[in-house]
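Undergrad: Need coordinates for the following:
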Amino acid sequence: MEAVFSDAALIADMLAFEAALAAAEADEGVIPAGAAAAIAAACRIDGFDIDALVADARCAGSIAIPLVRRLTARVAASDANAAAHVHRGSTSQDVIDTAMVLATRRALVLIDADLRRLAASLTALAETHAATPALARTLMQPAQVIGFGHAVMAWLAPLLRAESRLADAAALALQLQFGGAVGTLAALGDAGDAVARRLGDRLGLAVPPAAWHTQRDSWVALGCAVAVLCGSLGKIGRDLALLAQGEVGEVAEARRPGRGGSSAMPNKRNPLAALVAIAAATRAPQMAATLLAAMPQEQQRGLGNWQAELAEWPGLFMTTHGALRALADACESLEIDAPRMRANIEATRGAVFAEAVAALLAPALGKAAAAERVAGWVAQSANSGDGLESLALGAIATDAALAGVDRAALAAAFDVDAAAHRSAARVQAELETMQHRARAC
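TA: Numbers count the residues shown, from 1 in each chain. Below is the predicted model of the structure:
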């Protein structure tokens, strides 16, 4: 991703724009074919001093200005007449925005590849562990029993939606930028629209109805879609980190030499991919906020806000892709400790089945009284070490008000595997729905 948005790559994209522009204008008879050939020959990045261009951009306010100046000089060295046709009818923002579109198109290919890889790993995890009993936790406390696949689906589903959201946003955002000085292509006269169509064809980009110099909605929406994906990755990272805590020990990233260690403590097994994802999700909102804040751009060309957007854009993609790559690598070999998951359930002494027990008592005591009675047993269990099931059975045997409670139903309420299988059915249904949608696409 760093290579996609490197100075050299972006300048190469800008030169590709200039070569395609000259060819499109020659096709429409705006400039001589020989001039277009001379310009195209000069649009090789070899020989351009990238560092000098970047340095000159600080004075010019745009890297396109020194680039066009150097390109013109290079063309003039071989064909003085052709030099007059360099950058004909275009403006700096056309060159830079289109270069960013071309780079972003490549960036999205990288994101899509690792997104699919991560989704495939999570799909396999959800299927394998659909019925593996695990604790569901709310407000970071034990709540009920689920199949672990249910937790995995909460990671997977947002990624599949992100894939669709990114595709839709890219279709609107990855378009040619070509409007000339103020967005009207006035310098090309009646040939402007035809040149734009040919230019778009040569670059493989859709041609919008008008230049989007200061209409940043579709572009920023794509950036926000990337940031939302990063937030979903952060969710996965946060959950992995919590499940990997030594006191929990239900999930671990695979052991590899030098991975997740500590400079001081040989015992440490730090969740590195989770760390990367959480860090990325912490940074991405500020990057998206900058894109949104830069949208109110002045009249026909933004002053400072367009430049702020340009500065933030590559970082958002690098941050998100870094998290995506880290999680995709980790989840291909994620270690799941099913016995530890069951042990953590058992450590609650049945408290995670309190809701089901209260429901069985409600016909006899009323809903509120049943909940209060069960809460008392849970507190007693924490102090005495007795399980909730034994306390409930003891109360049924001695309390006439509870004589009608079905003992078999009460025992069934504490069936760990049955609880996991109930959530597994939902996981299978979700997976089938997702697979059906994928086939339809």
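Undergrad: pretty sure Met287 contacts Gly231?
TA: No: counting by C-beta atoms under 8 Å, Met287 does not reach Gly231; the two are 11.6 Å apart. The way it works is simple: take the backbone N, C-alpha and C, and place the C-beta from them, glycine included.
Undergrad: Between the two, which is the more surrounded one?
TA: Each of Met287 and Gly231 has its neighbours counted (other C-beta atoms under 10 Å); Met287 has more, 23 against 19.
Undergrad: so what's the more buried one up against?
TA: Applying C-beta atoms under 8 Å, 6 or more residues apart in numbering to Met287 gives the contacts 223, 227, 312, 315-316, 319.
Undergrad: Looking at those, state which has the most neighbours.
TA: Neighbour counts for these (other C-beta under 10 Å) peak at Gly223, which has 25 neighbours.
Undergrad: Next one: the residue nearest to that one when sequence neighbours are not counted relative to Ala379, how far apart?
TA: Of all residues not flanking Gly223 in the chain, Leu291 sits nearest, at 4.6 Å (C-beta to C-beta, 6 or more residues apart in numbering). Separation of Leu291 from Ala379 (C-beta to C-beta, to the nearest Å) stands at 51 Å.
Undergrad: for Ser78, same thing?
TA: From Ser78 to Ala379 the distance is 88 Å (C-beta to C-beta).
Undergrad: Please parse this protein into its domains.
TA: For the chain, the structural domains run 1-88+188-204, 92-131+147-175+212-346, 347-440, going by automatic domain parsing.
Undergrad: so how far is whatever helix or strand Ala99 lives in off the chain centroid?
TA: Per DSSP states H and E, Ala99 falls inside helix 92-128. Here helix 92-128 is found 9 Å from its chain centre; the criterion is C-alpha atoms, centre = their mean, to the nearest Å.
Undergrad: elements contacting that helix?
TA: If you count contacts as 3 or more C-beta pairs under 8 Å, 6 or more residues apart in numbering; DSSP states H and E, helix 92-128 packs onto helix 7-27, helix 64-78, helix 148-173, helix 217-243, helix 305-331, helix 416-440.
Undergrad: again, only using 10 Å
TA: helix 7-27, helix 64-78, helix 148-173, helix 192-203, helix 217-243, helix 305-331, helix 416-440 (3 or more C-beta pairs under 10 Å, 6 or more residues apart in numbering; DSSP states H and E).
Undergrad: Now render those helices as a markdown table, adding distance to Leu108 and mean pLDDT.
TA: Listed next are the helices and strands packed on helix 92-128 as a markdown table, based on distance: least, C-beta to C-beta, whole Å; pLDDT from 0 to 100:
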| stretch | distance to Leu108 | mean pLDDT |
| --- | --- | --- |
| helix 7-27 | 14 | 97 |
| helix 64-78 | 23 | 95 |
| helix 148-173 | 6 | 97 |
| helix 192-203 | 16 | 98 |
| helix 217-243 | 9 | 98 |
| helix 305-331 | 8 | 97 |
| helix 416-440 | 19 | 86 |
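Undergrad: Now render those as CSV, adding distance to Ala343.
TA: As requested, the helices and strands packed on helix 92-128 are exported to CSV (distance: least, C-beta to C-beta, whole Å):
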stretch, distance to Ala343
helix 7-27, 51
helix 64-78, 63
helix 148-173, 14
helix 192-203, 59
helix 217-243, 14
helix 305-331, 23
helix 416-440, 11
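Undergrad: Select, out of the ones you listed, the one closest to Ala273.
TA: Comparing the helices and strands packed on helix 92-128 against Ala273 with C-beta to C-beta, the closest turns out to be helix 305-331 (3.6 Å).
Undergrad: Same question for that closest one: list its buried residues.
TA: With burial defined by 16 or more other C-beta atoms under 10 Å, the residues of helix 305-331 counted as buried are 305-306, 309-310, 312-331.
Undergrad: Burial check on Leu199, number of neighbours?
TA: A total of 25 residues lie near Leu199 under the criterion other C-beta under 10 Å.
Undergrad: Could you find the closest non-adjacent residue to it?
TA: Leaving aside its sequence neighbours, Leu199 sits nearest to Ala24 (C-beta to C-beta, 6+ apart; 4.2 Å).
Undergrad: pretty sure the one you found is touching Leu185, no?
TA: No: taking contacts as C-beta atoms under 10 Å, Ala24 lies outside contact range of Leu185: 11.9 Å.
Undergrad: What sits closest to the most centrally placed residue in the chain if chain neighbours are left out?
TA: In the chain, the centroid-proximal residue (C-alpha atoms, centre = their mean) is Leu229; its distance is 2.3 Å. Closest residue to Leu229 apart from its sequence neighbours, by C-beta to C-beta, 6+ apart: Ala162 at 4.2 Å.
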